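J.: Curious how this folds, go ahead:
(4 chains)
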2 protein chains.
Amino acid sequence: MWQCQGVTRPAARAAAVRQGSLRELNLAVVLGRIAAAPSPPSRAAVAAATGLTRATVSAVVDDLVAGRLVGESEPAPRTGAGRPARGLVLAGDGPAGLGLEINVDYLAACVVDLAGEVRHHTVRRADLRPVSPADALARLVGLAAAARVDAERQGLTLAGAALAVPGLVDAAGLVRLAPNLGWQDVPVPELLSDHPPLVEPVPGIPALVVENEANLAALGELHADPDGPVSFLHVSGEVGIGAGIVLDGALFRGVRGWSGEIGHIPVQPEGRPCRCGGLGCLERYAGQEAILAAAGLDRADLPADTAATRLADLAAADHPATLAALAEAGQALGVAVAGVVNLLDLDTVVLGGGYALLTPWLRPPVLAEVSRRVLTAGWSPVTVRSSALGPEAAVVGAAGSVVRRIVADPVGWLSRTG
Amino acid sequence: MWQCQGVTRPAARAAAVRQGSLRELNLAVVLGRIAAAPSPPSRAAVAAATGLTRATVSAVVDDLVAGRLVGESEPAPRTGAGRPARGLVLAGDGPAGLGLEINVDYLAACVVDLAGEVRHHTVRRADLRPVSPADALARLVGLAAAARVDAERQGLTLAGAALAVPGLVDAAGLVRLAPNLGWQDVPVPELLSDHPPLVEPVPGIPALVVENEANLAALGELHADPDGPVSFLHVSGEVGIGAGIVLDGALFRGVRGWSGEIGHIPVQPEGRPCRCGGLGCLERYAGQEAILAAAGLDRADLPADTAATRLADLAAADHPATLAALAEAGQALGVAVAGVVNLLDLDTVVLGGGYALLTPWLRPPVLAEVSRRVLTAGWSPVTVRSSALGPEAAVVGAAGSVVRRIVADPVGWLSRTG
DNA sequence: GCTATTTGTTCAGTGATTGAATTATTTGAC
DNA sequence: GTCAAATAATTCAATCACTGAACAAATAGC
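T.: Next up is the predicted model:
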């Protein structure tokens, strides 16, 4: 009689359902089910899981196979009597996503297929700070072209690309600010328009999405651990500190796509001045420069990308100043994370980027602050763990975001090949 | 060639689309369109807006009219030649939502019809702190019964109820903690099971949802201003400080429904101890008690519900200690809000509850902290405004949450009456 | 009074799903 | 070794809801 459940509202589906939409929706449902299954499911298993009839599933699967989105695997392990099932798997020779990344000291490209496998991965180290945006993008196009050749050699078709940059990106792909690269108002799509296209045009799939690195790294984490939590906070600690917020399996980008600036959450309202103009931002206490300074290390001594490694080595060797620096950083991070958890009620915090290596030392103080400051900590434990992917989380997440889009809405790809 | 757009992922629609779903989905689409239209639309206008044919819309509308969800209004103002349209409106004699609230010093009930009109509203003042949860709920049932009689007299059928409580509620309706009521682990549905049901059973609509007051107040704000922003932060300042987070028109409840505890975001990590066990929580700087103390007022002097009024009166009279207290509270609130905006990239903050009256004095310091501390403040102005609803936001939001659910998914109601 | 215009309904046609029947393939029992 | 049971996948007539065009209704303007 008195049943209870939470107040939720289904997302406003403005789109009317026309006759043909039925098939379009079921293509996505069946493909999504095949993608989510732990082992290659049979048509009958998909039917049972989705509630569709086997006849419908067969018809839908035929379309998916014809469109090179799904393939049949060898007979799955038998369980008893009966005709053996034919396992359905996401095609390894269909569309793939191209992930790209421009960071302070490297460029990277990778290709991920529908099944989520990384089929190509290149990193080219170079200090990009003295390089103009146009030249940096030109070099990146070189990497992308090589990735494309490699992908096509493997029978894959690049259907879209996503570029990770360490900065604020608006909806049009304009990089408003990437302080560590020294970029300001760089119109990436415009600068790339001189180059040949990187991917095959596919209706419904943007040729290029430019996105904040921390956001894509969070998606990479989702991708690397499909059975993990669907809502979590992914904190990337580099020179700056960025966060990607994943809610119900989707990236939360904010009203303008500028969410996740956890590095500028105040942790000491009247504390150290930050170059953003604020006072006491988290970045000034837990950013790479702050940790290095507190540990007594000169930043000029070592390239940015080895800072975390160096700190981890010193900490592992019980270097007192480093341990103290990490404890202080972890405490500041914990204060910010406690605020976030109080606000959003997340139960998982993933430490990524440079923090991944430092998790053994950062985790205890973060957990201490969380358990002290989070109102609901008593009933609901918060997990703090290290990223499953390493520094490549952002590129992999970028490529994964493309295939994720295809799986969620395969109609564009299917209409391409007819 | 180089089109760009954000990385978004459509929500995972696990549900397969069966044959009948087509109609079910279009019932919701058409009903939603009628609800969203600024003036009663014709069938032809709905068809044009949704992309369905007029024939389909007519058929769907017939079902909706038969189910008492939609009615026809008198001819809308003419625009030119042609057969006059028959305007479609949400029925004022169909299902309605029952909103309930238990707060520190009052009980409230209200009824909202499909169109969003408040058709009944009662508030009964009483100090609930010395009253046992069972007795408080018994009194509430009395209010609810009166509301039901009034609703049925007006031809309405109560299809569901939502109860707002100032505390943490889990998914089963158990109130884990409501400090200001003195409640702990109160199983509301169980305590209500002795009473006759408050509403007609409707498939798909929970008879009772228990939810945090701040969350429902945020929904009330969404309800009061349907053309307003679809993503915003609603901060209710009472004895405690709670926030409701609305993202894309839906309440964000967090993993366990305990989101919005903005009152325990640290604003001075080593500052004043809070009864939550943390240090320097926002509540200790911008909560009602902190403001009263800073203004030199004794809390015992005045009932809790008049504290905001009293402070507003004193501030309007330029009482120096009150002005200083509000400035300090506003600054602390601004620090917390700046952190939230950095994290979530929201562009609207609504001050509700007791803060609504104090907005003229709180807004300037909040805005100052936001513009100083939010990284993207330069490109994206943040609006800070007062709640459109007064203290009744939570009850109205509670009732509105029920009708919102019916509009978003009318199938349950329609299957009830056949 | 006639025409143009817009609204809303009717109706045959179509596409996709449905459910039952059928075929295919293997396990296990007699 | 053969047959029955079991499971997988396909085939096919029936059904349901949307489509598009034709039609009826109602009004403004000439």
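
J.: end-to-end on stretch A:73-80?
T.: End-to-end distance of stretch A:73-80 (C-alpha to C-alpha, to the nearest Å): 19 Å.

J.: quick one: stretch A:166-174 near chain B?
T.: Yes - residues of stretch A:166-174 contacting chain B under C-beta under 8 Å from any C-beta of the partner chain: A:168, A:171-173. Yep, even glycine has a C-beta here, placed from its N, CA and C like the rest.

J.: which intervals of the stretch 251-400 of chain A have sub-threshold pLDDT?
T.: A:299-305 (pLDDT under 70).

J.: Measure how far the host helix or strand of residue A:101 is from the centre of its chain, please.
T.: Here residue A:101 is covered by strand A:95-102, with elements defined by DSSP states H and E. Put simply, strand A:95-102 sits 12 Å off its chain's centre (C-alpha atoms, centre = their mean, to the nearest Å).

J.: CA atoms of it as CSV?
T.: Output of strand A:95-102 as CSV, limited to C-alpha atoms (Å, rounded to 0.1, in the frame of the first residue of the first chain):
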residue,chain,number,x,y,z
PRO,A,95,33.7,1.5,-37.2
ALA,A,96,36.3,2.7,-34.8
GLY,A,97,37.0,5.9,-32.8
LEU,A,98,40.1,8.0,-33.1
GLY,A,99,41.4,9.5,-29.9
LEU,A,100,43.8,12.4,-29.9
GLU,A,101,45.5,14.4,-27.2
ILE,A,102,47.6,17.5,-27.0
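
J.: Listing partners with orientation, what would you give for it?
T.: Applying DSSP bridges to the sheet, strand A:95-102 is found paired with strand A:106-113 (antiparallel), strand A:157-165 (parallel).

J.: Just put those in JSON lines and tack on mean neighbour count.
T.: Below are these laid out as JSON lines (neighbours: other C-beta atoms under 10 Å in any protein chain shown):
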{"stretch": "strand A:106-113", "mean neighbour count": "25"}
{"stretch": "strand A:157-165", "mean neighbour count": "26"}
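
J.: Tabulate these (JSON lines), appending distance to residue A:190 and mean pLDDT.
T.: Converted to JSON lines, those look like this (distance: least, C-beta to C-beta, whole Å; pLDDT from 0 to 100):
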{"stretch": "strand A:106-113", "distance to residue A:190": "19", "mean pLDDT": "96"}
{"stretch": "strand A:157-165", "distance to residue A:190": "13", "mean pLDDT": "96"}
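
J.: what would the ones you listed look like in TSV with distance to residue B:233?
T.: Below are the strands paired with strand A:95-102 laid out as TSV (distance: least, C-beta to C-beta, whole Å):
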stretch	distance to residue B:233
strand A:106-113	35
strand A:157-165	28
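
J.: Just put those in a markdown table and tack on distance to DNA strand C.
T.: Compiled in a markdown table, those are given as follows (distance: least, C-beta to the nearest atom of the strand, whole Å):
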| stretch | distance to DNA strand C |
| --- | --- |
| strand A:106-113 | 26 |
| strand A:157-165 | 22 |
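
J.: which stretch among these comes nearest DNA strand D?
T.: Using C-beta to the nearest atom of the strand as the measure, strand A:106-113 is the one of the strands paired with strand A:95-102 that comes nearest DNA strand D, at 22.5 Å.

J.: Can you name the next helix or strand after the closest one?
T.: Beyond strand A:106-113 on the C-terminal side, the first helix or strand identified by DSSP H and E is strand A:118-125.

J.: what about residue A:365, distance to residue B:253?
T.: 29 Å (C-beta to C-beta, to the nearest Å).

J.: do the same with residue A:117
T.: Using C-beta to C-beta, residue A:117 is found at 35 Å from residue B:253.
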